[in-house]
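A.B. asks: Using only what follows, build the 3D model:
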Amino acid sequence: MKALWNNAVLAESGETVVVEGNHYFPADSVKREYFRDSNTHTICPWKGTASYYSIEVDGETNTDAAWYYPEPKPDAENIRNYIAFWRGVKVTE
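C.D. replies: Numbering: from 1, shown residues only. Below is the predicted model of the structure:
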């Protein structure tokens, strides 16, 4: 699977985990040069508190376009150290 935005490959892995229709990519499969820490956090009742990254490619920013669970709840432990995408990031095979 690949995550693409603004003609850049943000992540690529054959080891994604699908949860609620979203592909979560292993943290070591993302290209960190495109990721910027965000102060945004949201809460999922069963996964825990999500943290976000904004994506920056060629001077354009996609705010809070990636998320992850640094301390997932027990039922979501399988996505610890995994990152998912939305907001126009295309995930394809």
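
A.B. asks: Asp64 and Ser51 touch, don't they?
C.D. replies: No. Look at Asp64 against Ser51 with Cβ atoms under 8 Å: they stay out of range, at 9.8 Å. The C-beta positions use only the backbone N, C-alpha and C, and glycine is treated the same way.

A.B. asks: can you list residues touching both of those two?
C.D. replies: Counting by Cβ atoms under 8 Å, 6 or more residues apart in numbering, the residues touching both Asp64 and Ser51 are Ser38, Thr40.

A.B. asks: shaky segments in this protein?
C.D. replies: For the chain, applying pLDDT under 70 flags no range at all.

A.B. asks: Which of the three states applies to Gly14?
C.D. replies: What DSSP: H, G, I helix; E, B strand; the rest coil gives for Gly14 is coil.

A.B. asks: give me the number of residues near the spatially closest residue to it that is not a sequence neighbour?
C.D. replies: Nearest non-adjacent residue to Gly14, counting by Cβ to Cβ, 6 or more residues apart in numbering: Met1, 7.2 Å away. Neighbourhood size, Met1 [other Cβ atoms under 10 Å]: 16.

A.B. asks: give the contact list for Met1.
C.D. replies: Ala11, Glu12, Ser13, Gly14, Thr16, His23, Phe25, Val91, Thr92, Glu93.

A.B. asks: how close does it sit to Asp37?
C.D. replies: 24 Å (Cβ to Cβ, to the nearest Å).
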